[in-house]
Structure formats: C-alpha cells, structure tokens
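1. Give me a model of this one.
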Amino acid sequence: GITIVENVEPQWGPGSEWRVGDLLTSIGEVHGDPSHELYRATTATRQEDGTVAVGLSSSGEIRFFRQDGTYIRTVGSTGGGPGEFRGADALRALRRVAGDTLVAWDIYGQNVSIFDPAGEFVRSFQLEGSSQQHFFAGVFLDRSLLMYVLHPVSTGPQATMPEGVFRVDMSLHRFGADHRLAHSHDGIPWTDRFQAKWGPRGMILVDPPFGRITSINAGGPTTYVATGDNDEISVYDQEGAPLKLIRRVGEPVPVTQEMFAADRERRLNEERGELEEMRTEPRVIRMIEALPYPEFLPPYGLTMLDSEMNLWVEEFRVTEDDPPDWSVFDPEGVWLGRVTLPAGLEVYEIGSDYILGRSLDEMDVERIEVFQLLKS
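-> Numbers count the residues shown, from 1 in each chain. Purely as a prediction, here's the structure:
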C-alpha cells in the first residue's frame, strides 16, 4: 500500500530552525572582465571544494569560478562538436553527480554531455527509444536520467485548440545506463496555461493568474511529482510505482478582490509599458481584462530536492514582494519547518550547507550567488 504522511504543523522547535547565513560567493559584473559578465545564466552547480560551474544558455559556455568568485576557465560553446551545444538556449541543465562529474543537457540536440570535475569533456550520447522532445527533470543515484515530454491537447485535421485555462498531459521517461528508454509514467497534468482567440485565425497563450504549477524532482531512487491540485506531493520509485503521499493539512487560501485587482493592474502596466513606444491599441490588454481568476490560491509553488533528499516546497507567492518562504520536508515526508530565502533569488541548487541561485539587480545585472545554510 501507499504510505500517507499527513502533516498538521511543522516539527522544528525553538533553537532548531534552519536559516540563511552569509553570502559565500558572488559572480557577475556590469563591466570589467568579460568572463564575469553573465547573460542568461540559466543553470549552475557547486562542487565539493566550493567551485561553482555556471551554464550560460546564451553561448553554450560552462564557466568555472572559485568560491571567492575568481574566474578559472570556460568550456563548451555553441556548435555541433564534442562538448558543444546546438545553438543559443540549447544548454538547459547542468547537474553535479558523485565525484563532481558534471552532466549537461542539450535540449535541441537531445544530447547529454559528460564533463570531469576540471571541466574536461569526457563523452556525449543521445537518448534512444523515443523520438519525442524531452525536457530534463533530474538524475537518479544510479545515474539514470529522468526526462519529461509534453503532449498536445489534440491532433489530427479536425483538432481544435483549447480556450480558457487548460492543462496538457505530460509523461515521465526514465533512461537507463544504456541510454535507452527504461520506463514511462503517463497522464500527469502539466502547469496551467490560458489561451484565447487572437484575430480571425490566431490564438494567444499566456500564464493565467495564480495558476497551478507542476514541479518534478528526481533524487536518490525516487521521483517527486507535485501538480498543485491539492496540498500533497506524490512519491514514486524509479519504475513509477507509488510509494507515498506527502500531505499538509490546512485550509485553502481564497483569492481576494485585492489580489485580483493588484495582479490585473500589474499585468496591464507591464503590457502598456512594453507597447507604449509602438503607439498601437494593444489587443492583449483587452485579453488581460477578461482573464479568469480562481477561487483559491494554489497550495504551493515550485519544489526542489536538496543534496540530503529533503524536499523543499515554495509557499505560493501572490506578488514578488511576498517573502520567499519554503517549507522543508525530511526524506520520510515529515514537515520540519520553514526557511525564508533571500528576496529575488531564483534557486538552482540546495546543498547540505549552502543555497545557490541567480539574482538580478535593479539594472538587470545577473549574478550567481551562494549563501550559507545554517542548521541549528
């Protein structure tokens, strides 16, 4: 049977909380050494000695920096050769596995590249057994890979595009050590989207207000699937067999008139600001004014696994000004407590004693930052 872990309140008591400490590493400059100027640094990981490897999707480069932020070297580029990535935005994931080996994912080439701890290219391979476009989800302890694919709503000559808020289905695919498809897990709903008619034949697709988010994590021998339908997260083994439900008992949070008005005003201001120079009547504004709002907020936002297999669950944030609070669940699914992360930090990786992510300053300058994670 499936184990259900119900949590009513967190377990941390006074003096046992976790918190964010000092800034250990900061990488990124406006002007100066070009190696420190980051553009679309969409993935990063930290090695055992504190070295940070930063993946730039804009150039296909992987840049290495010491813990003090000193630049070391660059490997990779865009191209079709060994250790290269097939075009801008192809490098979508960079993960560290045991021994500081780096696994990099090329979404356009559907190609995995392996680098040694120093950044030297080792080998690359393509996934076999499926012709679908895969997105990277994670690496298991045995180094098999978890990928996911999104499925269209309908196909064929009579297919119609959905209108309003909808979710497409997704499938999880695990690829074994032989790089072949080993297992599929189908029928998982993807993140909410909203679609409306745009002109006589077109459609426009946007993120709906307060939409449910699907978040997939792989770690150790298990997969965590969070769809945002309710305040629970499903845990499966590598073969897709259900193991447990991590459930948090609580009342749903209603969407208030103030939330509704603030979100709509933010969207309208963003679109008007972008289209002001065009001096055209934006049809998208009328679409925003007709967006539907849900009755309740989703129970959570994103989820992540740290290096010790604790599950981190982001509390749903109505605005960017809301504190970035994350609930932490131990490997058994017990709710330990909450940790408030630095404002504006997009989290890429959580280790046993650090948190790594990307931030933007008021001039949109990118920085990769590493903070201490202090555990009482």
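2. If you average pLDDT per helix and strand, which one of this structure comes out bottom?
-> Within the chain, confidence by mean pLDDT, DSSP states H and E is lowest for helix 283-289 among all helices and strands, at a mean of 81.
3. Check which helices and strands that one sits against.
-> strand 193-198, strand 202-206, helix 257-275 (3 or more Cβ pairs under 8 Å, 6 or more residues apart in numbering; DSSP states H and E). Every residue, glycine included, has its C-beta placed from N, CA and C.
4. export these to JSON lines and tack on distance to residue 324?
-> Listed next are the helices and strands packed on helix 283-289 as JSON lines, based on distance: least, Cβ to Cβ, whole Å:
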{"stretch": "strand 193-198", "distance to residue 324": "24"}
{"stretch": "strand 202-206", "distance to residue 324": "24"}
{"stretch": "helix 257-275", "distance to residue 324": "18"}
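5. and of the ones you listed, who's closest to residue 349?
-> strand 193-198 (27.3 Å; Cβ to Cβ).
6. And the contacts of the closest one?
-> 161-168, 203-208, 211, 283, 287, 290-292 (Cβ atoms under 8 Å, 6 or more residues apart in numbering).
7. Tell me who's in contact with residue 348.
-> Here residue 348 is in contact with 43, 44, 45, 356, 357, 358, 368 (criterion: Cβ under 8 Å, 6+ apart).
8. The fifth one is in contact with residue 345, isn't it?
-> Yes: in this structure, residue 357 is within contact of residue 345 by Cβ atoms under 8 Å, at 4.2 Å.
9. joint contacts of those two?
-> Common contacts of residue 357 and residue 345 (Cβ under 8 Å, 6+ apart): residue 369.
10. returning to that earlier point: filter the contacts of strand 193-198 to the buried ones?
-> Taking 16 or more other Cβ atoms under 10 Å as the criterion, what is buried in those is 165, 166, 167, 208, 211, 287, 291.
11. residue contacts, the second one?
-> To tie it back to what came earlier, the one meant is residue 166. 153, 192, 193, 194, 195.
12. quick revisit: tell me which of the buried ones among the contacts of strand 193-198 fall in strands.
-> Per DSSP state E, strands hold the following members of those: 165, 166.
13. what would the buried ones among the contacts of strand 193-198 look like in a markdown table with distance to residue 23?
-> Compiled in a markdown table, those are given as follows (distance: Cβ to Cβ, whole Å):
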| residue | distance to residue 23 |
| --- | --- |
| 165 | 40 |
| 166 | 42 |
| 167 | 38 |
| 208 | 35 |
| 211 | 32 |
| 287 | 41 |
| 291 | 38 |
